[in-house]
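Colleague: prediction below, plus the sequence it came from.
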Amino acid sequence: MLAFNRFPGLPIAALLVSAAATHAPAKPIINPAVNSAVVAEATADELAPAGLIPHKAGIKLAQASEATAAPADAAIAQQLQSLAGKFDNVSGGKQSAAALEAFYVARNHAPIWITDGAVNARAKAAIDYLSHVDADGLDPADYPIPDFGNLADPVAAAHAEIKLTLSVVAYARHASIGRVHWSRVSGDIFYDQKAPEPGDVLANVLAASDVGAALDGYEPHAPGYLALKAALAELRAGRTIEGKAPIPSGPVLKIGMKDDRVPQLYGRFGVAGDNGTTYDKALAEAVKKFQQEHKIAATGTLTAATVDALNGRQPNQAADIIMANMERWRWMPHDLGSTYVVVNLPEFMLRVVHDGKQVWVTKIVDGKPATPSPIMSAEMKYITVNPTWNVPDSIAAKEYIPLLRQDPTILTRAGLTVTQNPDGTLHLSQPPGDNNALGRLRFNFPNKFFVYQHDSNEKYLFSNAMRASSHGCMRVEDPLKYAEVLLSLVRPGEGYTEQRIRKMYGNTETDIRFPTSIPIHLTYQTAFVDDAGKLQFREDVYGRDKELLGILKSAERKVADIPIERKDNAVRRELLAMPDQAWGASGVGGFFSRLFGFSSVIQPAPVTPPTARRHTAQRPNNVQ
C-alpha cells in the first residue's frame, strides 16, 4: 500500500470563505491573529495548540501554504484574483467553489501548479497520476489536463492553473465517495461518507513529498478493492488473474474435436485430461460453468466469445463488472474497522474479520429481488436472545385488524399476541419461542431500512445455491456460533460460548449489549477475488451492475456525481423488516401471499402466548 500523508488545510481559508464568496477585494485579507514574521518560521507543532493549524508534526506552515507568489508569477496571481467565480463548475457545487476561492485568497492567489513561470514538479506529478486513473476503473477524460504551453500569457496560465485544480479536486471527490452518487442507483442504498474539503485536498498536495501517493490515498485500500484493481490490470493485459498465457484464437470446439489448444485449456480449468488434444466432455463441462459465470451462452462449446472472456477481452463485460464493483467500494467507508462484519449479498455469505484476518464465515439468506437487502454500512450494537417480533402498527392496522374483526381467535391461533398501545390502538406481536419468525437470536444494527440479521427455523434454505429468499433481513445459517464469535471479540473473557447462549433460550427477551459497536458492511460484490486468488463473478440479482453501468454509459454521466432526492417510503421500509415465515393459520398465510407473492411452505404449530407482558427491542426486559 502506498504511503499517504494527509494534511488537512489551513484554518485561515475557512475564516475567509464568506469574503471569497462575494469576490474578495484586491487587497489581501490577512488573519490578524497571525503574525506573518512568526508564521514564516513556526512549525505546525507550535501552532496547533493555538488552533491556527491542525497538528501535523514536521511540516513548516510557510512551506505548506507558499502564501506569496514568486515575482515571475505575480501577474498570474493577479489574473487568478480577477478570475474570482471561475470555480463555479467544481464538483460539489457552490460550497466547494467558495472553499477553493478561499484557499487561493489565503495564499494571496499564488499559483500552486506554476513556479517561476514554469510548470512545477507538483503539477507534473498530478498530471501523470490523473492520466492513469483508469487503473482504478475511472476515466481520465473526466479529469482534463490543461495546456501549460503558453505560460508567458498570464491569462492563459491562470486558466490552466484553475483547470488542473478543478481536475485534482474532482478526482479526490470521486475517489473518496464515488464517481456516481449511490442515490442515483437505488433507494435501497445508503452511505453517509463525506467528500474531502477542496482546500484540504490542495493543502494535502502542497504538503506531500509524493503527490502521486497523496492522490492515491483518496482511493480505497481495502484488500478486496486492491485485489479487484489487480484483476482489472490483468484482464486489460490479456491475461487471467492467474497470469496464464492467453488462449490462441481458433475454430469453435465441440466434444470430440481435436485442437492443439486443448492441453492449455486443461491447465487453465484445472481439468485432469488424458485425451491428448481431444476436446472431451469433462473439458466441455468446465467451459460451460465458465460461460455461466460470465453470462455467455452456456453451451459447453469453445466459442470465440469464450476465448475472449478467458483472455480478458470479452467486449468490456468482465472489465465493466469489475469497475462497477470498484465503484461500490468507493461508496463505503474506506476504513472498514479493525474488527468488522462484511456481507456479500450476491454471494450469500457473511464474514467476520479481525485485525485483517478472516476469523469466521457462514452462509446467509438475503432479500428477494422484489424486496432486496439494502447496501449500506452500520454499527452492530447488541444481540437479542429470545426476540419478540413486533408487527409494525401501520401494517397491523391495514392487514391484521380486519382479520381480527372477522375471527377474534385467528391471531391467537397464529401465535400472535394482541395488546393495546398507549393511544388506544392495537399492537400485535409474536412472543419468543421456537416458532418465532425471528428464531432465537437477532443481531441488531440500527439503520434507516429497519433490517437486521436473525436466526431461522427454515434451515433447508441454506442448502440452496441461490439464497435470495427473504423480505430484506438476513438469516444466518449458524447464529449461535455467530453470536459466540462476535461476543468473543467485544466481550472477551466473559464466557459467552454457544452452550451458555443456548441456556439463555426461554420466553424472556434479553439483550446482550456490545461495549464497543462492530461495523457491519452490507456489500454487493458481483466480482471479487477469492481466498485462492481467483477472480469470481456472481449473478447481478438486484440489477445494481446494470443500473450503475447504464448511468456511466448515458447522458446522465455528466451529472452522475450529484445526489438525487428519493422519497422516503416508510411502509416499504417496514415491509423489508417483516420476517419471512408464513403462518399456516387461515387468512394470515393469505395475507403474506398477497403482500409478498409467495405461499406458505412451513406451517408450524400454533404458539400459546405467554402471560408475561410484551418485551420489545426498544424496551428490553433484561440486558446482559
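Modeller: Sure, I can see it.
Colleague: quick check: Val343 vs Pro144, distance?
Modeller: Per C-beta to C-beta, to the nearest Å, Val343 is found 38 Å from Pro144. In this view, the C-beta of every residue, glycine as well, is placed from N, C-alpha and C.
Colleague: repeat for Val541
Modeller: On the measure of C-beta to C-beta, Val541 and Pro144 end up 37 Å apart.
Colleague: show me which of the two is the more surrounded one.
Modeller: The neighbour comparison of Val541 against Pro144 (other C-beta atoms under 10 Å) goes to Val541, with 21 against 13.
Colleague: my guess is that one meets Leu345, correct?
Modeller: Yes. Counting by C-beta atoms under 8 Å, Leu345 is a contact partner of Val541 at 7.4 Å.
Colleague: between these two, which contacts overlap?
Modeller: Taking C-beta atoms under 8 Å, 6 or more residues apart in numbering as the contact rule, Val541 and Leu345 both touch Pro372.
Colleague: give the contact list for Leu416.
Modeller: Leu416 is in contact with 391, 400, 428-430, 609, counting by C-beta under 8 Å, 6+ apart.
Colleague: how does it look with 7 Å?
Modeller: Listed by C-beta atoms under 7 Å, 6 or more residues apart in numbering, the contact partners of Leu416 are 428-430.
Colleague: tabulate the residues you listed (TSV), appending secondary structure and neighbour count.
Modeller: Converted to TSV, the contacts of Leu416 look like this (DSSP: H, G, I helix; E, B strand; the rest coil; neighbours: other C-beta atoms under 10 Å):
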residue	secondary structure	neighbour count
Leu428	strand	23
Ser429	strand	20
Gln430	strand	25
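Colleague: closest one to Thr362 out of those, please.
Modeller: Closest approach to Thr362 among the contacts of Leu416 (C-beta to C-beta): Gln430, at 24.9 Å.
Colleague: could you report the pLDDT at that closest one?
Modeller: Gln430 is assigned a pLDDT of 86 by the prediction.
Colleague: the longest helix seen in the chain - contacts with which helices or strands?
Modeller: Counting residues, the longest helix found in the chain (DSSP state H) is helix 154-177. For helix 154-177, the packing partners by 3 or more C-beta pairs under 7 Å, 6 or more residues apart in numbering; DSSP states H and E come out as helix 74-82, helix 121-130, helix 198-207, helix 317-331.
Colleague: for the helix or strand just after it, name the packing helices and strands.
Modeller: Sequence-wise, the next helix or strand downstream of helix 154-177 (DSSP states H and E) is strand 189-190. In terms of contacts (3+ C-beta pairs under 7 Å, 6+ apart), strand 189-190 is packed against strand 375-385.
Colleague: the strand it packs on relative to helix 317-331, how many degrees between them?
Modeller: Here strand 375-385 runs at an angle of 60 degrees relative to helix 317-331 (axes from the mean of the first three to the mean of the last three C-alpha atoms, to 10 degrees).
Colleague: which residues does strand 375-385 contact?
Modeller: Taking C-beta under 7 Å, 6+ apart as the rule, strand 375-385 contacts 188-191, 332-333, 341, 440-447, 483, 486, 501, 504, 509-514, 517-524, 617.
Colleague: residues contacting Leu522?
Modeller: Neighbour list for Leu522: 343, 345, 373-376 [criterion: C-beta under 7 Å, 6+ apart].
Colleague: now, which of those residues sits nearest Glu234?
Modeller: Closest approach to Glu234 among the contacts of Leu522 (C-beta to C-beta): Leu345, at 25.3 Å.
Colleague: residue nearest the centroid of the chain?
Modeller: For the chain, the residue lying nearest the average C-alpha position, counting by C-alpha atoms, centre = their mean, turns out to be Met332 (3.1 Å).
Colleague: my guess is that one meets Tyr524, correct?
Modeller: No. Met332 lies out of contact with Tyr524 (C-beta atoms under 7 Å); the separation is 10.3 Å.
Colleague: next, the buried residues of the strand ranked longest in the chain.
Modeller: When the chain is parsed with DSSP state E, its longest strand is strand 510-523. When burial is assessed from 16 or more other C-beta atoms under 10 Å, strand 510-523 yields the following buried residues: 510-512, 514, 517-523.
Colleague: now do Ala44, the pLDDT please.
Modeller: Ala44 carries a pLDDT score of 35 in this model.
Colleague: contacting residues for the closest residue to Phe348 other than its chain neighbours?
Modeller: Leaving aside its chain neighbours, Phe348 sits nearest to Arg467 (4.1 Å; criterion: C-beta to C-beta, 6 or more residues apart in numbering). Shown in contact with Arg467 (C-beta under 7 Å, 6+ apart): 348, 363-366, 461.
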